[in-house]
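> Build me a structure from this.
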Amino acid sequence: MSLLEIKSFISNITPFDCLSNSELEEVCSHLDIVYFKNNIEVLTPHKQAEFLYFVIKGVVQEKNEDEVISVYAENEFFDPFTLIRNEIKHTYVTVQESICYMLPKEIFLKYMYQNEEIESYFFSSISEKLNNSINNEKSKEMLSFAIAKVEDAFIQKPIYISHDETIHNTVIKLIDNKVESMLIEGSDGEVGIVTDSDLVKKAMYNRVDLDSPVSSIATFGLESVNAADFLFNAQLVMSKKKLKRLLVKRDDDIIGTLDIVSLNSYFASHTHSTSSLLDNAVSLEELKEASERFIKTIRTLYEKGVKVRYISKLISQLNEKLFEKLFDLTASDELKANSCLVIMGSEGRSEQILRTDQDNALILRDSCEISKEKIMEYTQTFTDNLVDFGYPLCDGNIMVSNPYWVKTYSEFKDEVYTWITKPSEEGFMNLAIFYDAISVAGDNKLLAEIKDYVFHICNNATTFYPFFARPILSFETPLSMFSDFVVDKNKHKDELDLKKGGIFPIVHGVRSLSIENQISETSTFERLKELHNLGVIDEEFKNELTETFNYLLALRLKFRLEKIDAHEKLDNYINPSKLSILEKDLLKDSLKIVNKFKKFINNHFKLSMIS
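Sure, this is the predicted structure:
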């Protein structure tokens, strides 16, 4: 290509269209061209990244082990973050013969850091990137669909029933297993299928005797697809033959069925598979299998650049579904009808992305006649199951296995009254945890009415709010007057506690303002929106706190994922020396916002006037 053609190519790629003509010429003069055969690893983990690659022709996949994280095609580039972080985390492999431009790392970093528009692009939210380049993202989604495999979508595990089973018993098994179809073992060894629509259209409509064999309404001669085949091919088969389901095979073994809903849902959400596993779990083993996918889902979303507040919202929905499902599978009908299972603290706020502990309680109806002994026997089993699923025990014993957190409606109201009217450090902590609670199973009115009671008692305790808010000043912000990080010199040498220094002051300050203004939202992000709507904080301050909180959570997640990889215990410490220059600057700016907020809370509640 001529220099003019190269300049035209690069200048049409966001954000390099922000380069001035002289900058563009400088960048283009350092480009080299490289050819890769199909199935060649361009970048591999734990090596030094040396170039930014622009795809001229071909397709490159970004993979984490066997999972496809992203796809890069013509007029796209990869991977700026390996250059910024100076670390390759994933494998980049060609899936077609590919031709790329290579831009040396030092040239890329030079122009990124001296051009504000380019720098902000690489550190903007995923939503902003989508707004800037929605057409590019849409084509990328289509490309992802074209190379996704059948096994990447949700595949319903095979559930078999004999060909001579009655239609009536088949209906019962469909309902008990919470599925829409079952496979039929034919008398000649052929496999068929019966679906819920067969029962309506073939059995009910034609008034077939429900004691007839299910094979009379089943469909045989099923089409199949290989698990390693492309989803695109599966869709073509379904479309051409007007099918709603395909058998999925690995080698010659049937591993399940793929339906049209799962196929179409795959690209609506990469978490569809995990969510479907939870929905369809009928045993503790299947529930555990679904829960084990959470970290993989979190890592995928994080590596894609999704903002932590959106990751936390999604994962909290999966967590709530898991808790509800566990309660539904293990609790007696009597207990389900006479209680409300709640999750509290960071889980209730949707901010516990990775499992650090359990925070849950059980509210019982006053009329519940189940003995406390039987209830505690069940709650201990509930806690043990969560531990088995990977949810660690709470150090503060704030769990349903602790009788203190299993009380009747009236007993919880009595506790609330004590927490508010008889101030103590433990009481305020318990109230803070409980105020963040959400209902996940049972009668949610029990929790809602107790929260209304919280607001009622707080309004009549005029000195409550300053004492409740005071813990925001318990920890120093780890930033010196010269804007240097203040790190630990002992056990956590050269590290700082991100929770105590930044996350907790925002969480508890926002919580204190929210309880004062009777805000029922539990998420810190949603509480900030409500506080702005009520005129407590202005829009600029709300945005500063929102972005600061999101960044602090993202940093904590980054270091926690690294600790998982290193098989280390999760905590809230990070090492600032491991951050890039830009990350350090952002952390310093964030901690300055934290200090600004602490001053705001101090003045709002007049904390300097209480001892």
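> quick one: average confidence on the helix or strand containing T274?
Secondary-structure assignment from DSSP states H and E places T274 in helix 272-280. The average of the pLDDT scores along helix 272-280 is 71.
> Where does the residue nearest to F327 when sequence neighbours are not counted sit: helix, strand or coil?
On the basis of CB to CB, 6 or more residues apart in numbering, the spatially nearest residue to F327 that is not a chain neighbour turns out to be A441, at 4.1 Å. All C-beta spots, glycine's among them, are computed from the backbone N, C-alpha and C. Recorded secondary structure, A441: strand (DSSP: H, G, I helix; E, B strand; the rest coil).
> ok so, going back, just checking, what packs against the helix holding T274?
helix 260-265, helix 284-291, helix 308-330 (3 or more CB pairs under 8 Å, 6 or more residues apart in numbering; DSSP states H and E).
> Can you check what angle separates that helix from helix 308-330?
Computed by axes from the mean of the first three to the mean of the last three CA atoms, to 10 degrees, the angle separating helix 272-280 from helix 308-330 equals 20 degrees.
> Tell me what angle helix 272-280 forms with helix 284-291.
160 degrees.
> mind checking how far helix 272-280 is from the chain centre?
From the chain centre to the centre of helix 272-280 is a distance of 14 Å (CA atoms, centre = their mean, to the nearest Å).
> CA atoms only: put it into CSV for me.
Output in CSV follows, covering the C-alpha atoms of helix 272-280 (Å, rounded to 0.1, in the frame of the first residue of the first chain):
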residue,chain,number,x,y,z
HIS,A,272,-27.5,-17.0,29.4
SER,A,273,-25.9,-20.5,29.8
THR,A,274,-25.3,-19.9,33.5
SER,A,275,-28.7,-18.4,34.1
SER,A,276,-30.4,-21.3,32.3
LEU,A,277,-28.5,-23.8,34.4
LEU,A,278,-29.8,-22.1,37.5
ASP,A,279,-33.3,-22.1,36.2
ASN,A,280,-33.3,-25.7,35.2
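> quick one: low-confidence parts of the stretch 501-611 of the chain?
Low-confidence regions of the stretch 501-611 of the chain, defined here as pLDDT under 70, cover residues 611.
> Helices of that one, start to end?
Secondary structure of the stretch 501-611 of the chain (DSSP state H, counting those that start in this stretch): helices at 504-516, 524-533, 539-565, 581-605.
> from the ones you listed, which stretch is densest packed?
The highest mean neighbour count among the helices of the stretch 501-611 of the chain belongs to helix 504-516 (a mean of 22), with neighbours defined as mean count of other CB atoms under 10 Å.
> tally of neighbours for K372?
Neighbour count of K372, defined by other CB atoms under 10 Å: 13.
> Ok, D484 next?
D484 sits with 11 neighbouring residues when counted by other CB under 10 Å.
> Could you do S20 as well?
As a burial measure, the neighbour count of S20 was computed by other CB under 10 Å and equals 10.
> re the thing from before, would you turn the helices of the stretch 501-611 of the chain into JSON lines with distance to A281?
Listed next are the helices of the stretch 501-611 of the chain as JSON lines, based on distance: least, CB to CB, whole Å:
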{"stretch": "helix 504-516", "distance to A281": "32"}
{"stretch": "helix 524-533", "distance to A281": "29"}
{"stretch": "helix 539-565", "distance to A281": "24"}
{"stretch": "helix 581-605", "distance to A281": "39"}
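> so which of those helices gets nearest L287?
Taking CB to CB, helix 539-565 is the member of the helices of the stretch 501-611 of the chain nearest to L287, at 21.3 Å.
> Which strands and helices lie in contact with the closest one?
Counting by 3+ CB pairs under 8 Å, 6+ apart, helix 539-565 packs on helix 294-303, helix 308-330, helix 498, helix 504-516, helix 524-533, strand 573-574, helix 581-605.
> which one of the ones you listed lies closest to E119?
In terms of CB to CB, the element of the helices and strands packed on helix 539-565 nearest to E119 is helix 581-605, at 7.3 Å.
> Can you tell me, leaving aside adjacent residues, what's nearest to D494?
Using CB to CB, 6+ apart and skipping residues adjacent in sequence, the residue nearest D494 is V487, 5.1 Å away.
> Equivalent analysis for K500, please.
Once flanking residues are discounted, K500 sits nearest to F475: 4.0 Å by CB to CB, 6+ apart.
> Determine the three-state secondary structure at that neighbour.
Reducing the assignment at F475 to three states with three-state DSSP gives coil.
> My guess is it contacts G501. True?
Yes. Counting by CB atoms under 8 Å, G501 is a contact partner of F475 at 6.2 Å.
> which of the two has more neighbours?
Using other CB under 10 Å, the more surrounded residue of F475 and G501 is G501, with 23 against 15.
> ok, now which ones touch the more buried one?
Applying CB atoms under 8 Å, 6 or more residues apart in numbering to G501 gives the contacts F475, E476, T477, P478, L479, L591, V594.
> Now with 10 Å, please.
475-479, 485-486, 552, 572, 574, 587, 590-591, 594 (CB atoms under 10 Å, 6 or more residues apart in numbering).
> do V282 as well
Shown in contact with V282 (CB under 10 Å, 6+ apart): I159, D176, N177, K178, V179, K325, L329.
> Over to T463?
Residues P423, I610 are the ones in contact with T463 under the rule CB under 10 Å, 6+ apart.
> ok, back up a step: now do the residue nearest to D494 against L222, distance only.
Look at V487 and L222: by CB to CB, to the nearest Å, they are 63 Å apart.
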